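Peer 1: pasting the sequence and the predicted coordinates here, then a few questions.
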There are 2 protein chains.
Amino acid sequence: MRENEIITLSHGAGGKIARELINDYIKKFFNCPELNKLEDGAIIKTNSKKAVLTTDSFVIYPIFFSGGDIGKLSICGTVNDLSAMGAKPLYLTCGFILEEGFLLSDFKKILQSMKKTAKEADIKIVAGDTKVVPKSKGDGIYINTTGYGELLDEKMCISAYNVKPGDSVIITGNIGDHEIAILKEREGLKFDAKIKSDCAPLNQLIKELITAKIKIKAMRDPTRGGVAGVLNEIAQSSRVDILIDENSLPVNKVVLSACSIMGFEPLYLANEGKMIIILESEDAQRALKVIRKNKYGRNARIIGKVIKGKGLVKLKTKTGGIRILLQPQGEQLPRIC
Amino acid sequence: MRENEIITLSHGAGGKIARELINDYIKKFFNCPELNKLEDGAIIKTNSKKAVLTTDSFVIYPIFFSGGDIGKLSICGTVNDLSAMGAKPLYLTCGFILEEGFLLSDFKKILQSMKKTAKEADIKIVAGDTKVVPKSKGDGIYINTTGYGELLDEKMCISAYNVKPGDSVIITGNIGDHEIAILKEREGLKFDAKIKSDCAPLNQLIKELITAKIKIKAMRDPTRGGVAGVLNEIAQSSRVDILIDENSLPVNKVVLSACSIMGFEPLYLANEGKMIIILESEDAQRALKVIRKNKYGRNARIIGKVIKGKGLVKLKTKTGGIRILLQPQGEQLPRIC
């Protein structure tokens, strides 16, 4: 391996070699006037009095997987968090922590993927930072992205504290694809059928909903902790129970069989391109119609409703019983995002 | 070591244990309405049409050092980057990457230190994220902070591209303290005298300058790459030469002797509480007066001037010779910030 094909500690030392990495890689891919100046920060234009800030670090393993890579994920994750707040994603910063010895060719692939996803999500990468840590003090690449967005509708208040009995719960598509795809890749499991991560930016889908004047009450993307995790947070914040109907859950057959073999519950699996949306029942059918028109929402379903209670999530099983879906305890697959 | 005294992979899994870490540690220390809601992002109020975004990851080793720790540093670094753009720091996000086995007591000390520094800098920590990586895939703790600030004077344009021959160069105090303090700590060097990192938030000092109507043309905090690194960037961006007078450089005696023993040049050492300010010569004395009134600027000096040229930084040595200060090549101490 030639020295100029891998990351060395000099790439993080703030000198000439670090500058070359920025010029030949980061600036080249993210090419944007705010970033190209390489000042200490980026000047951005604000158009709204209410903005949203959100941050996420990505430590997923493996960094390349079926349906995406850590770069695509790092853009989608933050774009989806902004979208879940009802904001239009506008600007993004990204911080790289690279491990000494990391292949520059892999870095290039990741930057390429970030560029492509940022373009799809129509978000500008305006500021960045690169640090290098010695071998065995990292794992190839970790990425932090922080997003700035502005509310699409300043009057709309989307919050986990807003939910009331009678509201409907929508999921924008199949659950569990991301986690099973990562698990398969990591453990080298051999399924007959293929499974891809659902990793996708959902800002366009959410914009379409808000433009159609659908009144969203609560919204979250069910990543770590899955649908059950997100619903528990909402149920607890709003002091209500949420009843999910197992028969209406959209789950890919491959995910279902992987779950039954390994004893997993799809509702706890991580997703990276799905949204849980809670709204008044009377808006649910109209919302579903809008969501299904978007390519990332084709398999959207109403999966349950909000009922009176004290913060529990209940599952009406296929056999007709009721089971409590506890908050995930933390035994999930590590480094899923 | 009891299980509840160290970070485990469950702390990063998005379940009950992760929630406890957030509630018992992060929310407790950073206590702020925007953060406490634990939504997917924080809603912030914007008051200006021009804002600044900046991001930085901190991977310093060791994490505790004389004069600070990685927590204090992670706030100062981003506050100073916002300040260098002429912005008032308003909101901060922070992303933690914790290594399995990291002591919760150390995490607590770091959060405490972030809280204290954020209070001093009058900046709100509004959003956060925590990931856990397995043992030997990290090094205790890495922190990313991303800052949002608004321009103190929307008409002022501070940029490395602004500098003209005749301008004066000010440094706000002694150079090299941070890097020598870290080096001493890391290598266990035994100096007679004590040396502390200069790690400090400079937003108040910069605000005082701008309030006093001092017209700042270019400003940078000389961290990685030191004063020589920053001046090279400015000289190249503005296509001028910068002439520094070695006799006027403020350097602590301990730093000077450490440098002479180890063959370092103070102008290449990292600082974490200093600012390089370039302005018209006629404003220099008045600026110096304002800076020296601030506790972080007591030893400020005019250290050189901008002259015609093509992007070189020159040092007029104590013996009267002229030496070129090249852009640092990358052989500096790794993980200095």
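Peer 2: Yep, that arrived. Everything quoted here is computed from the prediction, not taken from an experiment.
Peer 1: strands of the stretch 151-300 of chain A, residue ranges please.
Peer 2: For the stretch 151-300 of chain A, the strands defined by DSSP state E, counting those that start in this stretch occupy A:168-171, A:216-220, A:241-245, A:276-279.
Peer 1: for chain B, find the nearest of those strands.
Peer 2: strand A:216-220 (6.1 Å; C-beta to the nearest C-beta). (Glycine included, C-beta is placed from N, CA and C.)
Peer 1: is that closest one anywhere near chain B?
Peer 2: Yes - against chain B, strand A:216-220 shows contacts by C-beta under 8 Å from any C-beta of the partner chain at residue A:220.
Peer 1: with adjacent residues omitted, what lies nearest to whatever residue of the stretch 1-150 of chain A ends up closest to chain B?
Peer 2: Here the stretch 1-150 of chain A gets closest to chain B at one residue, residue A:14, 2.8 Å apart by C-beta to the nearest C-beta. Counting by C-beta to C-beta, 6 or more residues apart in numbering or on different chains, residue B:224 is the residue found nearest to residue A:14 once chain neighbours are left out, at 2.8 Å.
Peer 1: quick one: the one you found from residue A:208, how far?
Peer 2: Going from residue B:224 to residue A:208 by C-beta to C-beta, to the nearest Å gives 44 Å.
Peer 1: and for residue A:279?
Peer 2: According to C-beta to C-beta, residue A:279 stands 14 Å off from residue A:208.
Peer 1: okay, those two: which has more neighbours?
Peer 2: The neighbour count for residue A:279 versus residue A:208, taken as other C-beta atoms under 10 Å in any protein chain shown, is higher for residue A:279 (23 against 15).
Peer 1: surely that one touches residue A:164?
Peer 2: No - Residue A:279 lies out of contact with residue A:164 (C-beta atoms under 8 Å); the separation is 10.6 Å.
Peer 1: find residues that contact each of these two.
Peer 2: Taking C-beta atoms under 8 Å, 6 or more residues apart in numbering or on different chains as the contact rule, residue A:279 and residue A:164 both touch residue A:217.
Peer 1: stretch A:213-228: which residues count as buried?
Peer 2: Using 16 or more other C-beta atoms under 10 Å in any protein chain shown as the test for burial, stretch A:213-228 gives A:214-228.
Peer 1: cool, and stretch A:247-261?
Peer 2: Quick answer for stretch A:247-261 (16+ other C-beta under 10 Å): A:249-252, A:254-255, A:258-259.
Peer 1: okay, those residues in TSV with distance to chain B and pLDDT next?
Peer 2: Listed next are these as TSV, based on distance: C-beta to the nearest C-beta, whole Å; pLDDT from 0 to 100:
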residue	distance to chain B	pLDDT
A:249	20	98
A:250	21	98
A:251	20	98
A:252	21	95
A:254	23	93
A:255	18	95
A:258	19	91
A:259	18	92
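Peer 1: go through those residues and name the one nearest residue A:318.
Peer 2: Nearest to residue A:318 among these, counting by C-beta to C-beta, is residue A:249 at 9.6 Å.
Peer 1: tell me the SS of the closest residue to the closest one other than its chain neighbours?
Peer 2: Excluding the flanking residues, the one nearest residue A:249 by C-beta to C-beta, 6+ apart is residue A:303, at 5.7 Å. Residue A:303 falls in the strand class when you classify it by DSSP: H, G, I helix; E, B strand; the rest coil.
Peer 1: quick check: residue A:303 touching residue A:172?
Peer 2: No - with contact defined as C-beta under 8 Å, residue A:303 does not reach residue A:172; the gap is 10.5 Å.
Peer 1: element containing the spatially most central residue of chain A?
Peer 2: Taking C-alpha atoms, centre = their mean, the centroid of chain A lies closest to residue A:77, which sits 3.1 Å from it. Here residue A:77, judged by DSSP states H and E, is contained in helix A:70-84.
Peer 1: and the angle for that helix with strand A:216-220?
Peer 2: If you take axes from the mean of the first three to the mean of the last three C-alpha atoms, to 10 degrees, helix A:70-84 sits at 160 degrees to strand A:216-220.
Peer 1: packing partners of helix A:70-84?
Peer 2: Counting contacts by 3 or more C-beta pairs under 8 Å, 6 or more residues apart in numbering or on different chains; DSSP states H and E, helix A:70-84 packs against strand A:50-58, strand A:87-99, helix A:104-121, strand A:141-151, helix A:203-211, strand A:216-220.
Peer 1: OK, contacts around whichever residue of the stretch 151-300 of chain A sits closest to chain B?
Peer 2: In the stretch 151-300 of chain A, the residue found nearest to chain B is residue A:224; the distance is 2.8 Å by C-beta to the nearest C-beta. Residue A:224 makes contact with A:270, A:332, A:336-337, B:12-14, B:18, according to C-beta under 8 Å, 6+ apart.
Peer 1: swap in 7 Å and give it another go.
Peer 2: The neighbourhood of residue A:224, defined by C-beta atoms under 7 Å, 6 or more residues apart in numbering or on different chains, consists of A:270, A:332, A:336-337, B:13-14.
Peer 1: same thing with residue A:185?
Peer 2: Residues near residue A:185 by C-beta under 7 Å, 6+ apart: A:62, A:65-66.
Peer 1: what of residue A:141?
Peer 2: Shown in contact with residue A:141 (C-beta under 7 Å, 6+ apart): A:63, A:70, A:96, A:98, A:102, A:107, A:110.
Peer 1: right, and the last one touches residue A:68 too?
Peer 2: No - Residue A:110 lies out of contact with residue A:68 (C-beta atoms under 7 Å); the separation is 10.5 Å.
Peer 1: gap between residue A:137 and residue A:256?
Peer 2: Distance, residue A:137 to residue A:256, by C-beta to C-beta: 40 Å.
Peer 1: so what touches stretch A:73-85?
Peer 2: By C-beta under 7 Å, 6+ apart, stretch A:73-85 touches A:52, A:54, A:56, A:58, A:60, A:89, A:92, A:94, A:114, A:117-118, A:121, A:123, A:143, A:145-147, A:149, A:158, A:199-203, A:206, A:219-221, A:272-273, A:275, A:337, B:39-41.
Peer 1: swap that for stretch A:227-244, sorry
Peer 2: With C-beta under 7 Å, 6+ apart as the test, stretch A:227-244 has contacts from A:160-165, A:169, A:171, A:175, A:218, A:220, A:222, A:267-268, A:276, A:278, A:303-316, A:325, A:327-328, B:14-15.
Peer 1: out of those residues, which sit inside helices?
Peer 2: Under the assignment DSSP state H, those contribute nothing to helices.
Peer 1: would you list the buried entries among those residues?
Peer 2: Applying 16+ other C-beta under 10 Å to the contacts of stretch A:227-244 flags A:160, A:162-163, A:169, A:171, A:175, A:218, A:220, A:222, A:267-268, A:276, A:278, A:303-306, A:309, A:311-316, A:325, A:327-328, B:14-15 as buried.
Peer 1: hmm, residue A:216 is touching residue A:279, no?
Peer 2: Yes - Residue A:216 is within contact range of residue A:279, at 5.5 Å (criterion: C-beta under 7 Å).
Peer 1: for the stretch 1-150 of chain A, which spans come out with low pLDDT?
Peer 2: A:1-4 (pLDDT under 70).
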